[in-house]
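**Q** Prediction below, plus the sequence it came from.
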Amino acid sequence: MKLPDSLRDQLKIPLGILLPESQADKINIQKHLSENSYVITVGDKTTEKMIEFGLIPSLQIIDSQEKRVKREPPKLANATELTVDNPAAEITPQSIAIIKKAFTMQPPVRLNVNGEEDLLVIPVCIYAPENSIVLYGQPNEGLVLVKITPEIRNKTQTLLDSME
C-alpha cells in the first residue's frame with residue numbers, strides 16, 4: 001500500500017505526546033511507561049537512545065538509516081532478528097504480517113527493514129498488544145510517545161485504509 005500525497009501532511013502530526021529533543025531523556029520517558037509496558041521503538045536513533053538508557057524495547061524496528069543516511073544499527077545482544085522489505089512511502093502486506101508475528105515472539109525482537117521503516121508506526125499501532133507504548137522520532141523536533149488506546153487503533157486503521 002502506497003502513501004498518497006493527500007496523507008503526507010496528516011502524518012507530520014504526532015500521533016501522541018511530543019517530547020522536545022531537549023526533554024527526551026530517560027526520566028521524562030520513564031514517566032510514560034508503566035512497570036509492564038510493552039515498549040516498541042520505530043527508528044534507529046530512537047532505538048539506540050532507549051538501549052543507552054537501559055530501557056530495552058520489546059520490539060525494535062530499524063532500517064540502519066537516519067534521515068536517509070546509512071548508519072550502524074544500534075548494538076543489542078540476544079534479540080531475535082527478523083528482516084522484511086518495505087520500500088519508502090509504503091506499507092507492504094509482508095511488513096504487516098511480520099509485525100503481527102513479532103508480537104507473538106519472546107522479546108526483545110528486532111525487525112530489520114530493507115527500505116524504510118517510518119510508516120510501520122501505523123500497523124504497529126493497530127496490532128500492538130494492550131499496554132504498549134510506541135516511540136518514534138519526529139524529525140528535527142523530538143520524540144513521540146504513543147500510548148496504544150482504542151482511539152489510536154481506530155485512527156491508525158483509518159490511515160491505513162486511506163492508503164492505496
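**A** Right, received. Where do you want to start? Numbering: from 1, shown residues only.

**Q** Going by C-alpha atoms from here, please, whenever you check contacts or count neighbours.
**A** Will do.

**Q** Could I get the full set of helices for this protein?
**A** Ranges of helices within the chain are 5-11, 26-30, 44-52, 93-102, 121-127, 150-162, based on DSSP state H.

**Q** In CSV, list those along with mean neighbour count and distance to G142.
**A** Shown next, in CSV, are those (neighbours: other C-alpha atoms under 10 Å; distance: least, C-alpha to C-alpha, whole Å):
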stretch, mean neighbour count, distance to G142
helix 5-11, 11, 15
helix 26-30, 13, 12
helix 44-52, 21, 10
helix 93-102, 16, 25
helix 121-127, 21, 16
helix 150-162, 15, 20
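
**Q** mean pLDDT lowest for which of the ones you listed?
**A** For these, the weakest mean pLDDT is recorded on helix 5-11, namely a mean of 84.

**Q** chain center to it, what's the gap?
**A** Its chain's C-alpha centre and that of helix 5-11 lie 18 Å apart, by C-alpha atoms, centre = their mean, to the nearest Å.

**Q** Format the helices of the chain as CSV; extra columns: distance to I17.
**A** Formatted as CSV, the helices of the chain follow (distance: least, C-alpha to C-alpha, whole Å):
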stretch, distance to I17
helix 5-11, 14
helix 26-30, 11
helix 44-52, 15
helix 93-102, 23
helix 121-127, 14
helix 150-162, 12
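
**Q** do you know which of those helices lies nearest T83?
**A** helix 93-102 (8.4 Å; C-alpha to C-alpha).

**Q** export that closest one as CSV, just CAs?
**A** What follows is helix 93-102 as a C-alpha-only set of coordinates in CSV (Å, rounded to 0.1, in the frame of the first residue of the first chain):
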residue,chain,number,x,y,z
PRO,A,93,1.5,-6.8,3.4
GLN,A,94,4.7,-8.7,4.3
SER,A,95,5.6,-5.9,6.8
ILE,A,96,2.1,-6.2,8.4
ALA,A,97,2.4,-10.0,8.6
ILE,A,98,5.9,-9.9,10.2
ILE,A,99,4.9,-7.2,12.7
LYS,A,100,2.0,-9.4,13.8
LYS,A,101,4.4,-12.3,14.1
ALA,A,102,6.9,-10.3,16.1
